[in-house]
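Enquirer: Turn this into a model:
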Amino acid sequence: MITREFLGTKALVDAATLSLLATIVQTVVITLTLIVFIFQFRSQEKAIKEASYQNLLGRYNDFIMSSQDNDNMLFARLLSQSNSSLDTKDVALIRRLMISYGIIEEAYELYKKGWIERDAWEQWNSWLKALARNPYFEKLHTSTAGMFDSDFQAHVSKLLDSGAGTSKT
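Expert: Numbering: from 1, shown residues only. Now for the predicted structure:
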């Protein structure tokens, strides 16, 4: 009888040990699976960030290579001054300023999200400061209030208020 009880207890211990080992193995497998998913999500996030910045650079290149033959009447209406009219050269310039403004706003958004580094943003911001020296830039900024990201427009307003965009002639 002692042998039977002893064998029954040993079998019970072996079943408990096997159950414990199976639980540990399942926990390890689930943990490793989660770690793999985390690395996959991080690499996907990095790819999305890089693609966003490459898209921005592509827009910049398209802008630099673009012609000025598009309809400029919208910009003439947007920035028309009651006392003077804009000639076609001025309207074309304002149109290019508007496109630049939009591209730099996109770079600002990527910077705010932490998708581009501060050094990269500072290069875009330098371009913004150079554009702000144009006499039409402030008028464009004022006329487009509410059309762009409010944080970006506040940044541009601060830049204009600080005099960083004024020409030194």
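
Enquirer: ok, which stretches of the protein are helices?
Expert: 2-65, 73-78, 88-112, 118-131, 137-143, 150-161 (DSSP state H).

Enquirer: mean pLDDT lowest for which of the ones you listed?
Expert: With a mean of 58, helix 73-78 has the lowest mean pLDDT of these.

Enquirer: Tell me who's in contact with the closest residue to residue 155 other than its chain neighbours.
Expert: Distances taken as CB to CB, 6 or more residues apart in numbering put residue 108 closest to residue 155, at 6.6 Å, once the chain neighbours are dropped. Backbone N, C-alpha and C define where each C-beta goes, glycine included. Counting by CB atoms under 8 Å, 6 or more residues apart in numbering, residue 108 touches 121, 124, 149, 151, 152, 155.

Enquirer: Just the buried subset of those, please.
Expert: 121, 124, 152, 155 (16 or more other CB atoms under 10 Å).

Enquirer: is it true that the first one touches residue 109?
Expert: It stands for residue 121. No. When contacts are counted by CB atoms under 8 Å, residue 121 is not listed as touching residue 109 (10.5 Å).

Enquirer: residue nearest the centroid of the chain?
Expert: Central residue of the chain (CA atoms, centre = their mean): residue 110, 2.2 Å from the mean position.
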